[in-house]
Each structure stands twice: as C-alpha cells, then as structure tokens.
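Asker: coords below, sequence missing:
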C-alpha cells in the first residue's frame, strides 16, 4: 500500500509536466485563438460599428439648397384618396344623330336665284339662306284661289251684315240670316286653309297676306330653321346652357340657277354644341361597361391635339348607352358618352364665325374605371385609400420601389409597395411605409437616388467620421 501511495503523485506530476512541455512547444499554433491580440480585438470592434453606421446612412442623402433648386423639387404631404384602375379605350368625337346636323330643304319647286349663306358662314334661326323662283303651277293656282276666296268672303260678309240689319228691323226672316252666316263660315274656313297651305310651301305670313289681296308671289325666301330643344340626357354632369340658335353652313348642296324640286336639300347646317364620344370596346368588356353606366361612374377623357391652358379642364364624362351591335370587321361595339362643346366666335368681313373646341373626328382616349384599388389598415380589416403620386416620385431597383421623404436638407429613401402604375401615375399602398405626416418628393426620385448612390461610393453627399 505504501508503494501505491508513493507512485501516484509521481505519475501525476510526470503527466502534467509532459502536457506543459507539449503546450509550450505548440504555443504559436493555439495562442492566437485563445488570447487574440488587443489591437486586433479593438480593430474588430471598430469594423462592426462602421458596418452598422454605414447601413444606417445608406438610405439617406444630404442635398445642398442649390442642388434642390437645380432639381426643382416638388415636395408635399401625401393625401390618401380613392383610386380606380382604368382601362384605356380609344374613342372618337362624333355628331349626335338628329341634333348636330340639319338639312334645309326647298319646300317648293323652282329655280335658285340667290344664295345668301356660304360654307363657313354662321347664321341664326330666321336668317335668309336662299331665294327660289317659283315654277309650281299648283302654288300659283293656290294663291289665285286664295285671292278669289278672300274677295268672296268680303262680299258674303257684307251681305250677311245687311240681312242682319233687316232682321233687326223685322223686314227679313231669321232663316235667311242663318244661311248667310253659314256661307261666311264656309268661306272663312277656305281662306284659312289656303293660308296654311301657302305657309307650308314656304311663304311667309307677309307674303300670304299679299297673295290674299290678289298679288301673286313669284319667289320665296328659304330661312334658317329654329333649333329644336335638346332631349334631356340621363347624366350627372351639369350641362352647360345651350347657345343661341346658331348654325354653321357646313355644306352647300345646290348651285346658283339650279332647278330644284320640292323636298330637295339645299344645304346642311351644323351646330356642334352637343356631341358624343364614341368608344370602341370588345364584347368581353361589355359587362364592366354596363355596370359603370348603371352606377354613373365618371370616365376621364383625354382629347388629342388639345393645347394645355387654352380651354378650361374637361370634367369627366358618363356613359349614356351601349350599342347592341358588334362590328364584324373589328369585333368591337360602340358605347357613347354625351359631350358638351364650347364655342368661340370671331368676326370676318362683317360676318360671325364659330370655332368649336371639339370637332367630329377628333381622337379621344377614355380611361374607363374597372377596379377600385384599396389597402387594408393595420387591423387587417379596415379599407384604407392608397396614395397616388406622379411617376417621377418613385424609383425602382429590381423588385424594390422607393420614394424619398424630406427632412430639412436630408432626403430619406423609403421602400413602398406599388399597387398600380401607368405612364402618368403610381398608386402606392397606404400601409405605414409612408404616412400623411411626411413630406414626399413628387418628382426627381431617380436623380436623388443617383446622388445617394454617388454618396455611398464616396462621390459626395453625406459624410461621417469615426475615431480610431
């Protein structure tokens, strides 16, 4: 036992000595891992701080006041609003059938001896347009019959008055007076019928009076007709008050000295105060368009060749009706939106001329709303309107989209979720990434993003120092 007690400490001491010797001989290999140098540890701590600080500043850039002015920044707090995704449909301005254009016929047969209005002239209701030399034997006979009947009526009236006086004195029976009164009534009815007939054929009341006196009229003047009252349109838009009965002579159908027949069109008058926009859509879009028409959803319209600032902004239009026929060539059908036009007038050579804002044949682009874009609030249930920015407010990098928020001279880049985008607007989700309390740059986002990248590469912008 005493030998075992003696050997145990000796063996333990020998093992420890061997281990210490081995550790000493290999210390260059394991010492850097167990006890790193203080300088390297300090350097490692500084790199972590620099990486964190760089990440914090990578999304912001400082722009000088001069740089901001050079960019012409438009900065404003965003306001959430309802937005409809639209379907761009081509259209064209067309005449309103039965209202925009009107033919003026000759009511009698004859020869055109005078043309008062030429294409491009502006006329009002009642203005003389043509003079037609009568060549109708029937009309001349009707005038002769009117004069003859009118004279017979004068004789019958005088005879009735004489007999009435005799009846009053008791020297004539009342039966005779009744016969004379009936004769006066019959002739009066004939005179009135002849007068109406002559007026139907284009004679004015003054000319009919002249024919009644026995003077035969040999020519008639064709006048511009009055405009009929426009039919009411079931549209929420407030229609502008119609202008006076103004027409433009659009087309001349006869020449001087031409023989015309009763009912033949002499000219075409136009009034473009009320027009239609005809859109062309595919059959698959009919249900959506019908729903929009039923709900009276406004449809924004963009008119080709419109110079900004010359005319007031055009309010949205409303679909009035859809055609139930499909064009076999284009496989599209038409839908129609009432359009109120605005005129301007100028005088040339003593005559007034009209210049209309919209003209038949003018191209239109209709932005038909098809889907209302919304986002859910933070509770996941409440519908929140999105933010709508100009396209210049958003910059993209791959799948990411960003806007810039201004805070003094510093511009912070914030990621956003784009719901919809077209060539003019970008719809951004109102999910808290940007709030209505911040000031968002509405343009030049791409330029600011380039400045941010340049600053990150050491080319300028923000600067920050670190102690070593």
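Answerer: Structure received. Please read all numbers here as calculations on a predicted model, not as lab measurements.
Asker: find the least confident helix or strand in this protein, judged by mean pLDDT.
Answerer: helix 38-57 (a mean of 48; mean pLDDT, DSSP states H and E).
Asker: element containing the nearest residue to residue 297 once chain neighbours are set aside?
Answerer: Counting by CB to CB, 6 or more residues apart in numbering, residue 369 is the residue found nearest to residue 297 once chain neighbours are left out, at 5.4 Å. To be clear about C-beta, it is placed using only N, CA and C from the backbone, and glycine gets the same treatment. Residue 369 is located in strand 363-373, with elements delineated by DSSP states H and E.
Asker: can you pull out the low-pLDDT segments for this protein?
Answerer: For the chain, applying pLDDT under 70 flags the ranges 1-57, 228-244, 377, 458-468.
Asker: pop the domain breakdown of it in here.
Answerer: 2-53, 54-82+374-456, 87-96+272-372, 101-266 (automatic domain parsing).
Asker: can you redo those as JSON lines with mean neighbour count?
Answerer: Putting the domains of the chain into JSON lines (neighbours: other CB atoms under 10 Å) gives the following:
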{"stretch": "domain 2-53", "mean neighbour count": "10"}
{"stretch": "domain 54-82+374-456", "mean neighbour count": "16"}
{"stretch": "domain 87-96+272-372", "mean neighbour count": "15"}
{"stretch": "domain 101-266", "mean neighbour count": "15"}
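Asker: mind giving me the packing neighbours of the longest strand anywhere in the chain?
Answerer: Ranked by number of residues, the top strand in the chain under DSSP state E is strand 83-95. In terms of contacts (3 or more CB pairs under 8 Å, 6 or more residues apart in numbering; DSSP states H and E), strand 83-95 is packed against strand 274-282, strand 363-373.
Asker: which other residues reach the longest one?
Answerer: Yep, that's strand 363-373 we're talking about. 82-93, 277, 279, 281, 288-289, 292, 297-305, 317, 337, 386, 419-420, 427 (CB atoms under 8 Å, 6 or more residues apart in numbering).
Asker: now do the SS call for residue 175.
Answerer: Using DSSP: H, G, I helix; E, B strand; the rest coil, the structure places residue 175 in helix.
Asker: nearest residue to residue 253 other than its sequence neighbours?
Answerer: Residue 253's closest residue in space is residue 265 (CB to CB, 6+ apart), at 4.9 Å.
Asker: residues touching that neighbour, list them.
Answerer: Counting by CB under 8 Å, 6+ apart, residue 265 touches 103, 104, 105, 253.
Asker: so which elements touch the helix or strand that contains the second one?
Answerer: When you say that, I think you mean residue 104. Element membership for residue 104 (DSSP H and E) is strand 101-105. On a contact count with 3+ CB pairs under 8 Å, 6+ apart, strand 101-105 meets strand 265-270.
Asker: run me through the strand neighbours of the strand it packs on, direction for each.
Answerer: The pairing partners recorded for strand 265-270 under DSSP bridges are strand 101-105 (antiparallel), strand 246-252 (antiparallel).
Asker: tell me the angle it makes with strand 83-95.
Answerer: If you take axes from the mean of the first three to the mean of the last three CA atoms, to 10 degrees, strand 265-270 sits at 160 degrees to strand 83-95.
Asker: and the closest residue to residue 194 other than its chain neighbours, how close does it get to residue 412?
Answerer: Spatial nearest neighbour of residue 194, excluding adjacent residues (CB to CB, 6+ apart): residue 146 at 3.8 Å. Remark: distance between residue 146 and residue 412 (CB to CB, to the nearest Å) = 93 Å.
Asker: what's the spacing between the strand holding residue 104 and its chain's center?
Answerer: Its chain's C-alpha centre and that of strand 101-105 lie 30 Å apart, by CA atoms, centre = their mean, to the nearest Å.
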